[in-house]
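# Predicted structure and sequence below. I'll ask about it afterward.
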Amino acid sequence: MGKIIAIANQKGGVGKTTTTVNLAASLGVLEKKVLLIDADPQANASSGLGVDVDSVSIGSYQVLEHSYSAKEAIIQCSAPNVDIIPAHIDLVAIEIELVDKENREYMLKEALAPIKDQYDYILIDCAPSLGLLTLNALTAADSVIIPIQCEYFALEGLGKLLNTIKSIQRLHNPDLDIEGLLLTMFDSRLRLSNQVVEEVQKHFNDMVFKTIIQRNVKLSEAPSFGESIINFDATSKGANNYLSLAEEIIKKNS
């Protein structure tokens, strides 16, 4: 039975897409079968795994509006053992188009039901908002990973996201768990980075992943080559961090 994990935070630039792409690739390298769903109109997860976004004719937009099945939208990508349902800029329109639909929060959940068992993990890269797209992702998911940047405004908005998760648990998805809070963009030289880590660990204890994603130039460079960090530079600090995170998740779910 596959596990669906949404990677969500309404704040932009916290490392959601970087985490989705590189966690998918790391799980793939560890011989897990992974499906990545790009549910962000910016489509960075798709281009980050070598998909030509402009040529996408069937993607997450068509899956959400149920004009094509999830199976028809799946394509293979550059990372081993990883498939992807890519996004296209037309996904922007889905928020408006779903507004009048019955059971609009369940469109993704219904679409994924037939293929859920074919994968060990299904990762959903969420848009940086708490709109219908993210709501669909959290309703479909078994759990959510929340990336938190090790910077001054890190905890701002986290309360809002946790409240959204609580209301989704109450109204749409009582089984939704928090897989963990993931500290990203950590720079050990900065006092502030260390303070954020202490603060988050103090407040959330066991909810925080032991793995911390460190600032790493290679992590920033990899997407411009359409590759995950595992393909781009398997010896880099970034690759080690995400492999460690993948191992932590596998251990937690075994």
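Right, received. Where do you want to start? Residues are numbered from 1 along each chain as shown.
# can you list contacts of the host helix or strand of Gln195?
In this structure, Gln195 sits in helix 191-204 according to DSSP states H and E. Residues outside helix 191-204 that contact it (C-beta atoms under 8 Å, 6 or more residues apart in numbering) are 148, 150-152, 154-155, 181, 183, 186-188, 208, 212. To be clear about C-beta, it is placed using only N, CA and C from the backbone, and glycine gets the same treatment.
# which one of these has the most neighbours?
Of all those, Cys150 has the most neighbours under the rule other C-beta atoms under 10 Å, reaching 26 neighbours.
# where exactly do the strands run in the chain?
3-7, 34-39, 75-76, 82-85, 121-126, 143-149, 177-184 (DSSP state E).
# Tell me the buried residues in the helix holding Gln195?
For helix 191-204, burial by neighbour count (16 or more other C-beta atoms under 10 Å) applies to 193, 196-197, 200-201, 204.
# who's in contact with the nearest residue to Thr164 once chain neighbours are set aside?
Computed as C-beta to C-beta, 6 or more residues apart in numbering, the closest residue to Thr164 that is not its neighbour in sequence is Leu130, at 5.3 Å. The contact partners of Leu130, by C-beta under 8 Å, 6+ apart, come to 10, 160-161, 164.
# for Leu130, phi and psi?
With angles defined as degrees, to the nearest 10, Leu130 sits at phi -110, psi 40.
# circling back to that earlier point, could you flag which of the contacts of Leu130 are buried?
Here, 16+ other C-beta under 10 Å leaves 10, 161, 164 buried among the contacts of Leu130.
# Now do Glu227 against Glu247, distance only.
Distance of Glu227 to Glu247, computed by C-beta to C-beta, to the nearest Å: 21 Å.
# out of those two, which sits in the more crowded spot?
When neighbours are counted by other C-beta under 10 Å, Glu227 and Glu247 differ, and Glu227 comes out ahead with 20 against 14.
# Would you state the predicted confidence (pLDDT) at the more buried one?
Listed pLDDT for Glu227 reads 90.
# swap in the one 10 residues further on?
According to the per-residue confidence, Lys237 scores 92 in pLDDT.
# what's near enough to touch it?
Neighbours of Lys237 in contact, by C-beta under 8 Å, 6+ apart: 214, 216, 218.
# and if we set it to 7 Å?
Neighbour list for Lys237: 214, 216 [criterion: C-beta atoms under 7 Å, 6 or more residues apart in numbering].
# And stretch 167-187, how far out from the chain middle?
11 Å (C-alpha atoms, centre = their mean, to the nearest Å).
# Flag every buried residue along that stretch.
Buried residues in stretch 167-187 (16+ other C-beta under 10 Å): 168, 172-173, 176, 179-186.
# which residues are in contact with it?
For stretch 167-187, contacts defined as C-beta under 7 Å, 6+ apart pick out 5, 14-15, 19, 105, 135, 138-139, 141-151, 165, 193, 197, 200, 204, 207-209, 212-215.
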